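A.B. asks: Dropping the sequence and predicted coords here.
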Amino acid sequence: MNDVTWGVPKQRTAKKMEKFDTPVVTMSALGDKGAGRKFSFNKAAQTLLGLVGGESHIKIGFGGDNIYVQSLTEEGDNTFSMTKQCTFSNKRIYEYIAKRSNLTTTEENYLHLTEVEGESYVTVSHISSDSAPESVEEDIPTMPTPDTEEVVNETEFVVKEEVVEETTEVEEWD
């Protein structure tokens, strides 16, 4: 009788995979007219801001080209109450951010957060979306060009180009 479950067995739910490991606020895509303008904070953003679902409040500010986000424990002027899932909705803020940042609202937009040293708020370092993913700069070795000498993958190449009767001939020099 040890393998008997009394009552209705608990349903297992699939764990939601986080899209980003870094602090990000997702602006939901607008499907239909009148759809909610929701901001969702991922786990890393919740940790960075010290958010407690259902208890924290968020304040969003603007200065120059920057967007700032601050977490508060008490409700105040221009604050938004967080749901238990660490989300909030506000049409005016959503549309203002979308307009000033030239965002497409038919797809999700991701506000990447960066800590501001010595301050109680964070800043939006950049915004990405599924159609315009965040750019990552890489060091990609370049191939040598004619009349130049470069080191690629620790191997030295020298390329010299000579023009002979409208054809190009390449010789390698040791």
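C.D. replies: Structure received.

A.B. asks: Can you show me the helices along the chain?
C.D. replies: According to DSSP state H, the chain carries its helices in the segments 43-49, 91-100.

A.B. asks: In terms of secondary structure, what does the first one contact?
C.D. replies: Contacting helix 43-49 under the criterion 3 or more Cβ pairs under 8 Å, 6 or more residues apart in numbering; DSSP states H and E are the following elements: strand 24-27, strand 66-72, strand 109-115. Where C-beta positions appear, they are placed from N, C-alpha and C, glycine not excepted.

A.B. asks: what about stretch 57-74, distance to the chain center?
C.D. replies: Taking Cα atoms, centre = their mean, to the nearest Å, the mean C-alpha location of stretch 57-74 is offset from the chain mean by 17 Å.

A.B. asks: Now do the buried residues in it.
C.D. replies: 57-58, 60, 67-71 (16 or more other Cβ atoms under 10 Å).

A.B. asks: which among those gets closest to Cys86?
C.D. replies: Using Cβ to Cβ, Ile58 comes nearest to Cys86 of the buried residues of stretch 57-74, at 9.2 Å.
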